[in-house]
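Visitor: Just to be clear, the model below is a prediction. Sequence and coordinates:
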Amino acid sequence: MKRTAWLWVAAALLGFQASDVTLRLAAVDTHFAAGATVQALPLLAAASSAAVFLRVRRRRRGMQPSDARRQPLDPSRNTPPPISAERSHNRPLPPAPGARAWALAALFGVLQFCAGNMLFYASVQLGGLTVATPSVQSQAVWAAVLGGLFLRERITRTMVAGIIVFSAGIAALTWFKSAGAGFAGDWGWAAAAGLAGGLAWAGASALQRACLQRGLPLPELLAAGSWTGVALLNLLVFAAFGADVWRTMDADAAQKLLAAGCFNAIAVGSLAQALRSIEISKVIPVIALNIVFNTINGWLWFDEYVNAGTVAGMLIAFLGVLLVQEPRRAFRAGRGPA
């Protein structure tokens, strides 16, 4: 079972890789808001379809007892005989999520599909994969900070060290990426957008956990969140830029963005399957390998500028992510308090 779960983790990692590379191909001239919208459409369609299917199946199971199909009809009434509660094999429908759960789902969509996706797309467009991916992997660091501030989770010295190491890695990566120009120019904006996107995704992860704890199924959460986030994103973009942003996208870019969205949907589904058997603290370091692989992809496929300094910064940032996660892994494995 665990071996199958790790295959799902590998599928998620490959899916995120394919999504990021395809997104990089489409991010040359397309406006970041239009690109983020089109990329979200496959996951929106898949989550909506799964949510409708699961809801219909639950209703049918709750309304059609299995004994009713096996008993003969009463000729005088042409209706099935009554079934006692003892003989009924109905499983009660789960309680419907409350208004608070749906409100949290809407806020999850704003952070995940509106703010996070748009900022990551902008980071890729400005700095390429070698800057955007390490910056957005700050999601793990932000999650530790938010947990300590709002969820009363303990922040250990190792986690603080990880946050410092990660920050140093991002600073070194951006400095050497811009050939010593520091945070000036597009590289600085790319790193800032990636860090802000990581913060948005960390907040979305916390809201996702809160929604699932309140009984909201994952497909319905993703469907409600994606509809809310994409709708708000388009309203804001239309108010700020008008319809001109959609003229920056040609048919070729739209196809690549849809392909990136399909790969992302596959990765999200694979990750959800893996998390049914493996703790998230063990999965995050594997997914964080995107920092390494996307640096290689940026250099190999897109001729992005890479030198010894950028490689060192990338590895330092990756080490920071591992340090932030290690106390939680140790606690859940029973090797000491977190």
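Guide: Thanks, I have it. Predicted model only: the values in this text are computed from it and were never measured.
Visitor: number of nearby residues for T295?
Guide: 26 (other C-beta atoms under 10 Å). All C-beta spots, glycine's among them, are computed from the backbone N, C-alpha and C.
Visitor: and what of the one 10 residues further on?
Guide: Look at Y305: counted by other C-beta under 10 Å, it has 14 neighbours.
Visitor: what's the distance between it and L289?
Guide: According to C-beta to C-beta, to the nearest Å, Y305 stands 22 Å off from L289.
Visitor: now do R3
Guide: From R3 over to L289 (counting by C-beta to C-beta), the distance is 19 Å.
Visitor: quick one, which of those two is more surrounded?
Guide: Neighbour tally, R3 and L289, criterion other C-beta under 10 Å: the higher count belongs to L289, 15 against 7.
Visitor: contact partners of whichever helix or strand L323 is part of?
Guide: Assigned by DSSP states H and E, L323 falls within helix 308-332. If you take C-beta atoms under 8 Å, 6 or more residues apart in numbering as the criterion, helix 308-332 is touched by 130, 134, 137, 140-141, 144, 156, 158-159, 161-177, 279, 281-282, 284-285, 288-289, 291-292, 295, 336-338.
Visitor: Let's see that with 6 Å instead.
Guide: Residues from elsewhere that reach helix 308-332, judged by C-beta atoms under 6 Å, 6 or more residues apart in numbering: 134, 137, 140-141, 144, 156, 158-159, 161-162, 165-166, 168-170, 172-173, 176-177, 279, 281, 284-285, 288, 291, 295, 336, 338.
Visitor: Just the buried ones among the residues you listed, please.
Guide: Using 16 or more other C-beta atoms under 10 Å as the burial test, the contacts of helix 308-332 include 134, 137, 140-141, 144, 156, 159, 162, 165-166, 169-170, 172-173, 176-177, 281, 284-285, 288, 291, 295, 338 as buried.
Visitor: which sections of this protein are below the confidence cut-off?
Guide: Applying pLDDT under 70 to the chain picks out residues 1, 62-96, 151, 177-185, 280-281, 326-338.
Visitor: now the helices for it?
Guide: For the chain, the helices defined by DSSP state H occupy 2-26, 32-63, 99-109, 117-127, 129-136, 139-150, 157-177, 185-213, 218-241, 251-274, 280-287, 290-302, 308-332.
Visitor: report the angle between the axes of the fourth one and helix 290-302?
Guide: When axes from the mean of the first three to the mean of the last three C-alpha atoms, to 10 degrees is applied, the directions of helix 117-127 and helix 290-302 differ by 50 degrees.
Visitor: gap between the closest residue to L173 other than its chain neighbours and P97?
Guide: Spatial nearest neighbour of L173, chain neighbours left out: G313 (3.0 Å); criterion: C-beta to C-beta, 6 or more residues apart in numbering. As judged by C-beta to C-beta, G313 and P97 stand 43 Å apart.
Visitor: Could you do V324 as well?
Guide: Separation of V324 from P97 (C-beta to C-beta): 31 Å.
Visitor: Off-centre distance for stretch 3-21?
Guide: A distance of 13 Å separates the centroid of the chain from that of stretch 3-21, by C-alpha atoms, centre = their mean, to the nearest Å.
Visitor: Adjust the sequence numbering to begin at 252 for everything that follows.
Guide: Sure, I'll start numbering at 252, so the last one becomes stretch 254-272.
Visitor: if we look at that stretch, which residues are touching it?
Guide: By C-beta under 6 Å, 6+ apart, the residues outside stretch 254-272 that reach it are 511, 514-515, 517-518, 521-522, 524-525, 528-529, 534, 537, 541, 544-545, 548.
Visitor: Kindly report the same for stretch 546-554.
Guide: Contact partners of stretch 546-554, identified using C-beta under 6 Å, 6+ apart, comprise V272, G379, L380, T381, E555, V557, M565.
Visitor: if we go to 7 Å?
Guide: Stretch 546-554 has contacts (C-beta atoms under 7 Å, 6 or more residues apart in numbering) with V272, R275, G379, L380, T381, E555, V557, M565.
Visitor: Tell me how many other residues surround the first one.
Guide: Here the count is done by other C-beta under 10 Å, and V272 has 20 residues near it.
Visitor: Give me the phi and psi for V557.
Guide: Per-residue torsions, V557: phi -130, psi 130 (degrees, to the nearest 10).
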